[in-house]
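>>> The amino acid sequence is not available; the structure is as follows:
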């Protein structure tokens, strides 16, 4: 018999009032600014004021009319989402990779990570703290994850796997330093002219985003910045964006990350950011070897629905353990897989 446990799961009233007051104040300020303008700008500010006012009313209406409930079944979590009307997202216990525990008392919370994203369960969203504890304990029991009490006198150090949640990884390693050097070498070995043309095309598209709205306002006789000053500013901003988000990202395509394999999936740590995948998101795998500066670079390739992702492997011991683990998870070994960057002309 499939039983369910239902608990109220709503934004606290103080937070609702603060958000509503913010939107209301911003709406009033737009009306105040609109007094100084006429025509298109006046209409824009009034429209923005109305939108902000409606959002403020929605904050209160959602809390009163669309009360949210989190539901725990025998198979998974029905997590409430959506605005203003709530719908539920199903989170199967079998898809939960890791659970992070945060804080104590009314400031406590859980972050449940799956291959489809993370889901926050804050104690402040429950009517009673006992309801939060019941939800936390039930989820831990269903996932067989034990979250021990941490000794606050000994804070966790950066790099400790417990920062990123429980259970303990089956395999965990940092990608070798040869990995970014190898990938950067591949990029820099391409002709400089083709790389410059790609950067120029990125610059042109980015500049158009800034220039076209300004040009339309000029054609509509709306007061705008002087052409010379605006164009110079747009060029400087576009150059900065091109340098940071295109050129540097192109010549330095990867950097060393931390990889963790758990029973239900994989986690990659990007400094303070993470990416998670469940094993059923991958259909094929292969481990390839490439030579660089008289050294071997071992690369794990995992093929998913959206493409192939890659991890650098530090040694043959990890390689052999990965081969056994992926075989046990039912992912097909496909030696013909190639790194995606080798298929790019």
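Thanks, I have the structure now. The shown structure was predicted, so the numbers you read here are calculated from the model rather than taken from an experiment.
>>> Would you state the strands of the stretch 151-300 of the chain in chain order?
Counting by DSSP state E, counting those that start in this stretch, the stretch 151-300 of the chain has strands at residues 171-174, 258-261, 265-270, 273-278, 282-292, 295-304.
>>> if I look at residue 113, how far off is residue 173?
Distance of residue 113 to residue 173, computed by CB to CB, to the nearest Å: 19 Å. Yep, even glycine has a C-beta here, placed from its N, CA and C like the rest.
>>> Between the two, which is the more surrounded one?
Under the neighbour definition other CB atoms under 10 Å, residue 113 and residue 173 were set side by side, and residue 113 has more, 23 against 19.
>>> so that one sits in a strand?
Yes. Residue 113 forms part of a strand when assessed by DSSP: H, G, I helix; E, B strand; the rest coil.
>>> residues in contact with it?
When the contact criterion is CB atoms under 8 Å, 6 or more residues apart in numbering, the partners of residue 113 are 96, 97, 98, 99, 100, 165, 267, 274, 276.
>>> how close does it sit to residue 16?
The value you get for residue 113 to residue 16, if CB to CB is used, is 27 Å.
>>> Name the residues that touch the least confident helix or strand in the chain by mean pLDDT?
The helix or strand of the chain with the poorest confidence is helix 248-251; it has a mean of 79 (mean pLDDT, DSSP states H and E). Helix 248-251 has contacts (CB under 8 Å, 6+ apart) with 184, 187, 188, 195, 198, 199.
>>> ok, now stretch 317-329?
170, 171, 173, 261, 279, 285, 287, 298, 300, 313, 333.
>>> Counting neighbours, what do you get for residue 300?
The number of residues packed near residue 300 is 20, by other CB under 10 Å.
>>> That one contacts residue 313, correct?
Yes. Using CB atoms under 8 Å, residue 300 makes contact with residue 313 at a distance of 5.7 Å.
>>> Find the residues that touch each one of these two.
A shared contact of residue 300 and residue 313, defined by CB under 8 Å, 6+ apart, is any residue touching both; here these are 287, 319, 322.
>>> Drop anything exposed from these.
When neighbours are counted using 16 or more other CB atoms under 10 Å, the shared contacts of residue 300 and residue 313 contain these buried positions: 287, 322.
>>> so which of the shared contacts of residue 300 and residue 313 comes closest to residue 48?
Within the shared contacts of residue 300 and residue 313, the smallest distance to residue 48 is 52.9 Å, found for residue 322 (CB to CB).
>>> Now do the helix or strand hosting that closest one against strand 282-292: the angle between them, please.
Assigning secondary structure by DSSP states H and E places residue 322 in helix 316-328. Between the axes of helix 316-328 and strand 282-292, defined by axes from the mean of the first three to the mean of the last three CA atoms, to 10 degrees, the angle is 160 degrees.
>>> tell me the angle helix 316-328 makes with strand 295-304.
Computed by the same axes, to 10 degrees, the angle between helix 316-328 and strand 295-304 is 20 degrees.
>>> buried ones in helix 316-328?
Along helix 316-328, these residues count as buried under the neighbour rule (16+ other CB under 10 Å): 318, 322, 326.
>>> same check, this time on stretch 281-300
So stretch 281-300, judged by 16+ other CB under 10 Å, has buried residues 281, 282, 284, 285, 286, 287, 297, 298, 299, 300.
>>> from those residues, which single one is nearest residue 133?
For the buried residues of stretch 281-300, with residue 133 as the reference and CB to CB as the criterion, the closest is residue 281, at 31.9 Å.
>>> Wait, that closest one touches residue 305, no?
Yes. With contact defined as CB under 8 Å, residue 281 counts as touching residue 305 (7.0 Å).
>>> Could you report the separation of the nearest residue to residue 268 once chain neighbours are set aside from residue 93?
The shortest distance from residue 268 to any non-neighbouring residue, by CB to CB, 6 or more residues apart in numbering, is to residue 275 (4.7 Å). Computed as CB to CB, the residue 275 to residue 93 distance reads 21 Å.
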